[in-house]
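Student: Quick one: sequence and predicted model below, then my questions.
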Amino acid sequence: MSIIRTEQLNKIYDEENIPVHAVNDVSLEFEEGEFTAIIGPSGCGKTTLLNLLGGLDSPTSGEVIINSTNITNLNSREIIDFRLRNIGFVFQAYNLVPVLTAKENVEFIMQLQGISKDKREARVLQLFEQIGLKDRLNNRPGKLSGGQQQRVAVARALASKPKFILADEPTANLDSKSTNNLLDIMLKLNEAENTTFIFSTHDSRVIERARRLITLDDGKVISDKK
Amino acid sequence: MYTLIKIAWRNIWRNKKRTILTMLSIILAIFLSLFTRSMQLGTFGSMINNAVKLSTGYIQIHKKGYWENKSINETFSQTSKINRTIEANNNVTIYLPRLESFALASSGEQTKGTMVTGTIPYHEDKLNEYSDKIIRGKYLQSDDKAILIGDELAGFLKVDVGDTLVLLGQGHHGVTAAAQYPIKGILHLPLPQLNKQLVMMPLKECQYFFAAENRLTSISIMLDDPELLDITSNEIISGLSNEYEVMTWQEMNKELVQFIDTKLVGGIIMLSILYIVIGFGVFGTVMMMTMERRKEFAIMVSIGMRKYKLLSVVFWETLLIGFVAIGIGLIIAYPLILYLSQNPIPLTGEFAESMKSVGSEPVMPFVSKPAIFINQTISVILLALIAVTYPLFFILKFDVKKAMRS
């Protein structure tokens, strides 16, 4: 059963002057537990599509339906709340709150959701066990390597038990060892938590591991392979 | 809320130098404003004290209509009811019955207009320490038939202790008041006007001179706590009949009040300028702290943090900078001002002489009223609240996806 569905999704920038069709009539479905990479040349609309899926941008036309909720109809406050409870994000950089420790960063998302302290503690320990950073709980991001920061970002994204995680070029700033490490952990968590992962990426190491590849060009889906 | 304040507290120390510099500027502003305000209010307090002690008292009772014309015909008897009304008030320390009127003083070929004041020598001395201000001769006793005069008056009339002065004036109900009195003492008083005009004699003798037996032109009242002036005045008014008027020192010293008000306003304007300058510094810091974290804000909103929570973090950052600076500023300023209020700075040289000439002790007085500290604290908090308006608008309006790309 699909958890995300887009219907004839379009995003056009600067409609009045020189319109740029960043996302062009995209209709896709994503199911639970997918590990999908959206690939394509720079400027093909990968990030725009991810932003539309995550409610960070609103489409020019079309719909994004997540678990029967049409997020394109939500107002700004509702979409923030929706993201908090349903969508996890891993960005290329600046993922973590610099002044909070790794543990506090992961806990933070659960505090925003109003989860009790006991449940937060248990979930944090579980996730840090899974990402292999139990000994880094009390380190701030400045004291973690790039790869470790991204692992904590993945843990934070999963902490809220979202329906899916959107990862926009999460490996772009990492060396190959850190990248492989991170991706293996993400794959493991994908299987353990059955959480859908959707990547926007150029990285061949992500592409190798993805079980579904969606190729975009000029905002259009030109191939969708499983 | 605790987590948001924790984030705010840690955020302000991300750039230690900038935060410390901003705090130092606020601390300096607080210190300077407390110091100058304390000194200003201390100086004005001293001026008021001198005017009140040497001249009007804090409150005066007259016959209704006396103050407009100050005529010897507008006198009243000192009744036991008046005494009881005054003595019943816990805030009254001393009250001085006086009879005052104009008379010409003459010696040889010299004649000058003077203010003849009949008073109770013992009480007058207790209040104003006139006996210490005698430069030649002796102080009065209550049964003396003699006078004290100011030293400038003595100089003009070319008289000295032991000489006789002829006084000529209008007595009660048009009776001619004429007599001659030996000069028992010559005073040097802090107020130059008094030095030029004052002729002082015992109350009974003055009443006899003006044919105003048992009559008074005023009763001057001194207070223990001047802050309760209006309350005390109202209590006295309510105890007296309509034939009397009760006036406060402000009503009787309108020029002094205007002078002080003008200086106070000037002081407030100077402090406002200081705070505006400091405020721009704080605003600049807050603006930098906001602009350099656009992407961070965007990510926090992306993961599900509502904008109002983000705003509260920034709000707390600004307030915390203010609170820490206020705390340190008060810790530095308060003990110093407290010490100076009890140990005023002694003045020397020409400045000291000029202070003495206007009746003030040659010291720089300070006050340590709680209101001074509270007002400065409120000013800094207001400054912080104004500074936070920029991030308020920025966060409410900012576009997440644009900020992510920045």
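Tutor: Looks like it came in fine.
Student: State whether residue B:31 and residue B:334 are indeed in contact, as I suppose.
Tutor: No. Between residue B:31 and residue B:334 there is no contact under C-beta atoms under 8 Å: 10.2 Å. Yep, even glycine has a C-beta here, placed from its N, CA and C like the rest.
Student: Comparing the two, which shows the higher neighbour count?
Tutor: residue B:31 (18 against 14; other C-beta atoms under 10 Å in any protein chain shown).
Student: Can you name the helix or strand that that one falls in?
Tutor: helix B:16-51 (DSSP states H and E).
Student: From the rest of the structure, what touches the very next helix or strand once past that helix?
Tutor: Counting by DSSP H and E, the next helix or strand C-terminal to helix B:16-51 is strand B:59-63. For strand B:59-63, the surrounding residues in contact (C-beta atoms under 8 Å, 6 or more residues apart in numbering or on different chains) are B:74-76, B:82, B:86, B:217-221, B:223, B:229, B:232-233, B:236, B:240, B:243-249, B:252.
Student: do that again at 7 Å, thanks
Tutor: Contacts to strand B:59-63, defined as C-beta atoms under 7 Å, 6 or more residues apart in numbering or on different chains, come from residues B:74-76, B:82, B:217-221, B:232-233, B:236, B:243-248, B:252.
Student: again, but for stretch A:116-135
Tutor: For stretch A:116-135, using C-beta under 7 Å, 6+ apart, the contacting residues are A:102-103, A:106-107, A:110, A:137, A:148, A:151-152, A:154-155, A:158-159, A:185, A:188-189, A:192.
Student: Weed out the non-buried ones from the residues you listed.
Tutor: Neighbour-count burial (16 or more other C-beta atoms under 10 Å in any protein chain shown) is assigned, among the contacts of stretch A:116-135, to A:102-103, A:106-107, A:110, A:148, A:151-152, A:154-155, A:158-159, A:185, A:189.
Student: out of these, who's nearest residue B:108?
Tutor: Nearest to residue B:108 among the buried ones among the contacts of stretch A:116-135: residue A:107, at 99.7 Å, using C-beta to C-beta.
Student: Would it be right to say that that closest one lies in a helix?
Tutor: Yes. Applying DSSP: H, G, I helix; E, B strand; the rest coil, one finds residue A:107 inside a helix.
Student: now it: how far from residue B:389?
Tutor: 31 Å (C-beta to C-beta, to the nearest Å).
Student: Helix, strand, or coil at residue A:98?
Tutor: Taking three-state DSSP, the label given to residue A:98 is coil.
Student: and the nearest residue to it once chain neighbours are set aside, what does it touch?
Tutor: Take residue A:98 and drop its neighbours on the chain: the residue closest to it by C-beta to C-beta, 6 or more residues apart in numbering or on different chains is residue A:141, 5.4 Å away. Going by C-beta under 7 Å, 6+ apart, residue A:141 touches A:96, A:98, A:149.
Student: change it to 8 Å
Tutor: Contact analysis of residue A:141 by C-beta under 8 Å, 6+ apart lists A:96, A:97, A:98, A:102, A:105, A:149, A:152.
Student: out of those residues, which are buried?
Tutor: Burial by neighbour count, 16+ other C-beta under 10 Å: within the contacts of residue A:141 this picks out A:96, A:97, A:102, A:105, A:149, A:152.
Student: and the helix holding residue B:31, how far from the chain's centre?
Tutor: Centroid separation between helix B:16-51 and its chain, computed with C-alpha atoms, centre = their mean, to the nearest Å, is 17 Å.
Student: what's the answer for stretch A:41-55, then?
Tutor: Offset of stretch A:41-55 from its chain centre (C-alpha atoms, centre = their mean): 11 Å.
Student: Which pLDDT value goes with the residue nearest to residue A:30 when sequence neighbours are not counted?
Tutor: In space, and not counting its chain neighbours, residue A:30 is closest to residue A:4: 4.1 Å by C-beta to C-beta, 6+ apart. pLDDT recorded at residue A:4 is 93.
Student: cool, residue B:307 as well?
Tutor: Reported pLDDT for residue B:307: 89.
Student: same question, residue B:361
Tutor: 69.
Student: picking up where we left off before, using a markdown table, lay out the contacts of residue A:141 together with distance to residue B:115.
Tutor: Listed next are the contacts of residue A:141 as a markdown table, based on distance: C-beta to C-beta, whole Å:
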| residue | distance to residue B:115 |
| --- | --- |
| A:96 | 83 |
| A:97 | 78 |
| A:98 | 77 |
| A:102 | 85 |
| A:105 | 82 |
| A:149 | 87 |
| A:152 | 88 |
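Student: how many degrees apart are the helix or strand harbouring residue B:341 and helix B:16-51 in direction?
Tutor: Following DSSP H and E, one finds residue B:341 within helix B:307-342. Per axes from the mean of the first three to the mean of the last three C-alpha atoms, to 10 degrees, the angle that helix B:307-342 makes with helix B:16-51 is 40 degrees.
Student: So what touches the helix of greatest length in chain A?
Tutor: What stands out as the longest helix in chain A, according to DSSP state H, is helix A:176-193. By C-beta under 8 Å, 6+ apart, the residues outside helix A:176-193 that reach it are A:33, A:35, A:130-132, A:145-147, A:150-151, A:154, A:158, A:161, A:167, A:170-171, A:174, A:195-197, A:203, A:205-206, A:209.
Student: Cross the residues you listed against helices and list the overlap.
Tutor: By the criterion of DSSP H, membership of the contacts of helix A:176-193 in helices covers A:130, A:131, A:146, A:147, A:150, A:151, A:154, A:158, A:205, A:206, A:209.
Student: neighbour-wise, which of those residues leads?
Tutor: residue A:150 (30 neighbours).
Student: Now it: closest residue in space, sequence neighbours ignored.
Tutor: residue A:182 (5.2 Å).
Student: Over to residue B:282?
Tutor: Spatial nearest neighbour of residue B:282, excluding adjacent residues (C-beta to C-beta, 6+ apart): residue B:387 at 4.6 Å.
Student: Likewise for residue B:31?
Tutor: residue B:333 (4.9 Å).
Student: show me the contacts for the one you found.
Tutor: Per C-beta under 8 Å, 6+ apart, neighbours of residue B:333: B:30, B:31, B:34, B:35, B:373.
Student: which residues touch the fourth one?
Tutor: For residue B:35, the contacting residues are B:333, B:336, B:337, by C-beta under 8 Å, 6+ apart.
Student: ok, whichever residue of chain A sits closest to chain B - how many residues close by?
Tutor: Among all residues of chain A, residue A:84 sits closest to chain B, at 2.6 Å; criterion: C-beta to the nearest C-beta. Neighbourhood size, residue A:84 [other C-beta under 10 Å]: 20.
Student: now it, what's its secondary structure?
Tutor: helix.
Student: Now do the phi/psi pair for the residue nearest to it when sequence neighbours are not counted.
Tutor: Residue nearest to residue A:84 in three dimensions, not counting chain neighbours: residue B:304, with 2.6 Å by C-beta to C-beta, 6+ apart. Dihedral angles phi and psi of residue B:304 (degrees, to the nearest 10) take the values phi 120, psi 10.
Student: Right, I'll call it a day here.
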